[in-house]
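Student: Below is the sequence, then the predicted model.
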Amino acid sequence: MPRYHFDVIGKNTIADRTGLLLPDDTHASDAADRLASELYEIRPELRVRECAVLVTDDDGEEVHRAPIVKVH
């Protein structure tokens, strides 16, 4: 099972050094979307346009980018 890393990016970066083992890119993207939604609710300082959850694989390749915005 591949490992994915979920960094919070914006003015400052919070790097995910451990990552999560997930079955595929789709599961990783879904997890990032949920995390971005949760961060919107609990970390109001991240509610700026350039903040996002960046998902990368173990090779450092970008898999998904989930902006930290309110989901309707």
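Tutor: Thanks, I have it.
Student: ok, residue 32 to residue 58 distance?
Tutor: Using CB to CB, to the nearest Å, residue 32 is found at 16 Å from residue 58. Every C-beta, even on glycine, is put in place using the N, C-alpha and C of the backbone.
Student: For residue 4, which residues count as its bridge partners?
Tutor: Beta-bridge partners for residue 4, by DSSP bridges, are residue 20, residue 57.
Student: Which residues are in contact with it?
Tutor: Counting by CB atoms under 8 Å, 6 or more residues apart in numbering, residue 4 touches 19, 20, 21, 22, 28, 31, 55, 56, 57, 58, 63.
Student: nearest residue to the fourth one other than its sequence neighbours?
Tutor: Put plainly, it is residue 22. Nearest non-adjacent residue to residue 22, counting by CB to CB, 6 or more residues apart in numbering: residue 28, 5.0 Å away.
Student: So that neighbour, which state does it fall into?
Tutor: helix (DSSP: H, G, I helix; E, B strand; the rest coil).
Student: what do you get for the one 3 residues further on?
Tutor: For residue 31, the assignment made with three-state DSSP gives helix.
Student: wait, what's in contact with it?
Tutor: 4, 6, 20, 22, 55.
Student: Kindly indicate which of these lies nearest residue 42.
Tutor: Nearest to residue 42 among those, counting by CB to CB, is residue 6 at 15.2 Å.
Student: before we move on, the earlier item: out of residue 32 and residue 58, which sits in the more crowded spot?
Tutor: residue 32 (21 against 10; other CB atoms under 10 Å).
Student: Tell me the predicted confidence for the more buried one.
Tutor: Predicted confidence (pLDDT) for residue 32: 98.
Student: can I assume it is in contact with residue 67?
Tutor: No. Contact criterion CB atoms under 8 Å: residue 32 and residue 67 do not qualify, at 10.1 Å.
Student: Grab the most central residue of this structure for me.
Tutor: residue 53 (2.6 Å; CA atoms, centre = their mean).
Student: got the contact list for the helix or strand hosting that residue?
Tutor: Assigned by DSSP states H and E, residue 53 belongs to strand 52-57. Strand 52-57 is contacted from outside by 2-10, 25, 28-29, 31-33, 35-36, 39, 62-68, using CB under 8 Å, 6+ apart.
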